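Peer 1: quick check, what structure comes out for this input:
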Amino acid sequence: MSSGINRLSRHKEISKVRPAGRTFTLFHDPIDTAAHLLGVVTKARKPRGLRRQSNYSQQEGDQMNKYFTLAPETLEELKAMYRKLAMLHHPDRGGSEEAMKAVNNEYDVLFPKLRDVHRTREGKTYTARQASTETADQFKDLIDKLMKMDNITIEVIGCFVWVTGDTWPNRGQLKALKFQWHSKKIAWYLAPEDYRKRSRREYGLDEIRSMYGSSGAVNSRGMVKIDGAESA
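Peer 2: Residues are numbered from 1 along each chain as shown. All right, here's what the predicted structure looks like:
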């Protein structure tokens, strides 16, 4: 009986040492102490190896994206990139069906990961408390329909889609897509269904671009507007 008590008591820890932010436990028996230290050192080394492996896997995942190579961090960045890629690779604009299908597939993979991730005006990313019900197909279908309209300019600013240019002949289609007319900005806009305006101040388009970033204004003919000029 006494030997059993001794065997139990020898495993009793007698003190804790905390060098360099780690906690080591000292036992009565030096063998137990050595075994414990070996286990702590082994466990301390594993996370670093796992982190390296995780980073490498993430890099491999980024390389697998042939088109979304800039690795978007928010839903707005993802949509802005998709709009640019659609303008380049859509079959109606001289692209190929194979390339557009690959763009859509990559968007479908990234969308659920970024659907609720946004960025504040201060540049900080956050995840929305309430999950969005938006699907990946909604934005893809929207861009597809806008590209088939003549002589309009499409721009993604933050979570809004803005349409300018010769919009009068397309006003019926824009209304059907739930775009609204902004008389002061002389532009059509589409806001997220759950969007709620929090400020009474009216910002100009340039101010909004500087706060939330812009995908660049591209019209349906494939011309990119830069500082009031147009280039192919």
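Peer 1: need phi/psi at the closest residue in space to Val117 that isn't next to it in sequence.
Peer 2: Leaving aside its sequence neighbours, Val117 sits nearest to Thr74 (C-beta to C-beta, 6 or more residues apart in numbering; 5.1 Å). Glycine gets a C-beta too; all of them are placed from N, C-alpha and C. Here is the backbone geometry of Thr74 (degrees, to the nearest 10): phi -130, psi 170.
Peer 1: count of neighbours near Gly172?
Peer 2: 9 (other C-beta atoms under 10 Å).
Peer 1: just the pLDDT at it, thanks.
Peer 2: Gly172 carries a pLDDT value of 96.
Peer 1: same check on Tyr203?
Peer 2: For Tyr203, the predicted pLDDT is 83.
Peer 1: repeat that for Gln59.
Peer 2: 43.
Peer 1: sorry, back to before: ok now do the residue nearest to Val117, which residues does it touch?
Peer 2: Thr74 makes contact with 114, 117-119, 125 under the criterion C-beta atoms under 8 Å, 6 or more residues apart in numbering.
Peer 1: so which bits of stretch 143-152 are buried?
Peer 2: 143, 146-147, 149, 152 (16 or more other C-beta atoms under 10 Å).
Peer 1: how is this protein divided into domains?
Peer 2: 2-63, 72-231 (automatic domain parsing).
Peer 1: which stretch in those domains has the least confidence?
Peer 2: domain 2-63 - the lowest mean pLDDT of the domains of the chain, at a mean of 44.
Peer 1: all helices for the chain, in order.
Peer 2: Assigned by DSSP state H, the chain shows helices spanning 2-9, 30-64, 75-89, 97-114, 136-147, 171-176, 205-212.
Peer 1: pull the residues that contact the shortest one.
Peer 2: Just to be clear, that refers to helix 171-176. Where contact means C-beta under 8 Å, 6+ apart, the residues beyond helix 171-176 that reach it are 145, 149, 163, 167, 181, 188.
Peer 1: right, and His118 touches Tyr126 too?
Peer 2: Yes: His118 is within contact range of Tyr126, at 6.2 Å (criterion: C-beta atoms under 8 Å).
Peer 1: compare the two (neighbour count), which wins?
Peer 2: His118 (21 against 11).
Peer 1: now do the contacts for Pro91.
Peer 2: With C-beta under 8 Å, 6+ apart, Pro91 has these contacts: 97, 100.
Peer 1: Met100 versus that one, what's the distance?
Peer 2: Going from Pro91 to Met100 by C-beta to C-beta, to the nearest Å gives 6 Å.
Peer 1: follow-up on the earlier one: which of the contacts of helix 171-176 fall within strands?
Peer 2: 163, 181, 188 (DSSP state E).
Peer 1: returning to that earlier point: how about the buried residues of stretch 143-152 in JSON lines, adding distance to Ser214?
Peer 2: As requested, these are exported to JSON lines (distance: C-beta to C-beta, whole Å):
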{"residue": "Ile143", "distance to Ser214": "15"}
{"residue": "Leu146", "distance to Ser214": "16"}
{"residue": "Met147", "distance to Ser214": "18"}
{"residue": "Met149", "distance to Ser214": "20"}
{"residue": "Ile152", "distance to Ser214": "16"}
